[in-house]
Structure formats: C-alpha cells, structure tokens
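# what follows is a predicted protein model with its sequence.
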Amino acid sequence: MPEHFKVCSTCRKPIAFGASYYQCSVSTCQRGKTALYFCSVECWDAHLPMMRHREAWAESARAPTGAEWELQQAEEAARAAKSAEERIVNENESNVSAGGGADIPQEVLIVVSKLKAYIKAKSGMNTSDGIVPVLSDIVRGLCDRAIESARSDGRKTVLDRDVKPTS
Ligand SMILES: [Zn+2]
Ligand SMILES: [Zn+2]
C-alpha cells in the first residue's frame, strides 16, 4: 500500500488517505491513467491554461481512507481476475466450435423437414420430433462403423462402400 492516495498533479504534494482534494469537472481530466488530482483550487487553476477547457470547475472530493483504498484495490483485482477467467472460457468455447475441442457434438444429423415430408408422402402419417435424436444416433453409429472400415483400409476418406446397412 502506498504512503498516500495520490500526489497533486500540479505541485506534486501528497494527497493523504482520507484527505479532501479537488478534481476537474471535465471528464477527460478524471478518467483513466491520466486522471488529475489537485491538492487545492489554486493547483486546479494552474492546469486550465494547458487544457483549454471551454467550461470547467473544481469539484471537491475526499480521498478514500487506507482501508477503503485497500478494499477498492481488492475489488479491482477480483474484477480483473473474473474478466480474465471469462476470457479463457470464451477462448475454450471458440476452440470447440472450431473443431479443436475434445467434445464431439451430439447434434441433430437429420434434415427434420425433409424427413417429415418423406414420411408424410409415403404414408400420410405425422412424425414425432422424438424420433430425430434417435435417428441421429443411428446415423452416428453408421458413421462410426464407416470410419473404422476406412481406417482399417488405411484410407483418410470415408467412402460409400464403408457405410453398411445395419441389418
Ligand atoms: Zn497542489
Ligand atoms: Zn481539467
């Protein structure tokens, strides 16, 4: 923990924890790493010629106490850690969608509308959505066997002849 909250941006005098200080009303003088802190209105006055503000005034503020400052630092560190964590999660997610992950998607492999149209045309029957994951699993099973068949032939391409009917 530093000895004091900030130093005055004009005269470099320390602004103690818990002390009152002044900030410029202009937002660009308050924000980020270039934020300005003034020990007095005179010191605030001194920055005006450099900044050429159209309209500005000194705002009185109170520096956090040592304990408050430490709390703020801890909160900021926690926030930074959390956003770093979120970044890692997002990166992992994009890896999976790019095919780099270990998770093999268990999604629908059937064109549902065409399947329903086929059943309707063939039989006039309706089709329950419940058959879609079941059929997808069957297709996955057929693909897995076809992959094995291609692999045992030393091929890197699955061919039509690798796909064998179940019965
Ligand atoms: Zn000063
Ligand atoms: Zn300013």
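Received it, and whenever you're ready, just let me know what you need. Fair warning: this is a prediction, and the values are worked out from it, not measured in the lab. Ligands and ions are numbered 1, 2, ... in the order given.
# drop to CA atoms for contacts and neighbour counts, all remaining ones
Will do.
# mind checking pLDDT for residue 97?
Per-residue pLDDT puts residue 97 at 52.
# tell me the pLDDT at residue 163?
90.
# tally of neighbours for residue 149?
When counting by other Cα atoms under 10 Å, one arrives at 18 neighbours for residue 149.
# again but with residue 112, I slipped
By other Cα under 10 Å, the residues close to residue 112 number 14.
# need the pLDDT of the residue nearest to it when sequence neighbours are not counted.
Counting by Cα to Cα, 6 or more residues apart in numbering, residue 112 lies nearest to residue 132, which is 7.0 Å off, once chain neighbours are set aside. We have a pLDDT of 83 for residue 132.
# which other residues reach the helix or strand hosting residue 132?
Here residue 132, judged by DSSP states H and E, is contained in helix 131-152. Here helix 131-152 makes contact (Cα atoms under 8 Å, 6 or more residues apart in numbering) with 107-110, 112, 156-159, 162-166.
# name the residues of the lowest-mean-pLDDT helix or strand in the chain that are buried.
Lowest on mean pLDDT, DSSP states H and E among the helices and strands of the chain sits helix 66-97, with a mean of 84. Residues 66, 69 are the ones in helix 66-97 that count as buried (16 or more other Cα atoms under 10 Å).
# and the next helix or strand past it?
helix 112-123.
# mind saving the C-alpha coords of that next one as CSV?
Only the C-alpha atoms of helix 112-123 are listed here, as CSV (Å, rounded to 0.1, in the frame of the first residue of the first chain):
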residue,chain,number,x,y,z
VAL,A,112,-36.1,-32.8,-40.0
SER,A,113,-38.4,-31.1,-42.5
LYS,A,114,-37.3,-33.5,-45.3
LEU,A,115,-37.7,-36.5,-43.0
LYS,A,116,-41.2,-35.4,-42.1
ALA,A,117,-42.1,-34.7,-45.7
TYR,A,118,-40.9,-38.2,-46.7
ILE,A,119,-42.9,-40.0,-44.1
LYS,A,120,-46.0,-37.9,-44.9
ALA,A,121,-45.6,-38.6,-48.7
LYS,A,122,-45.0,-42.3,-48.2
SER,A,123,-47.7,-43.0,-45.6
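# centre of the chain to it, how far?
42 Å (Cα atoms, centre = their mean, to the nearest Å).
# for the chain, which residues are neighbours of ligand 1?
Residues of the chain lying close to ligand 1 (Cα under 5 Å from the ion) are 8, 11, 39, 43.
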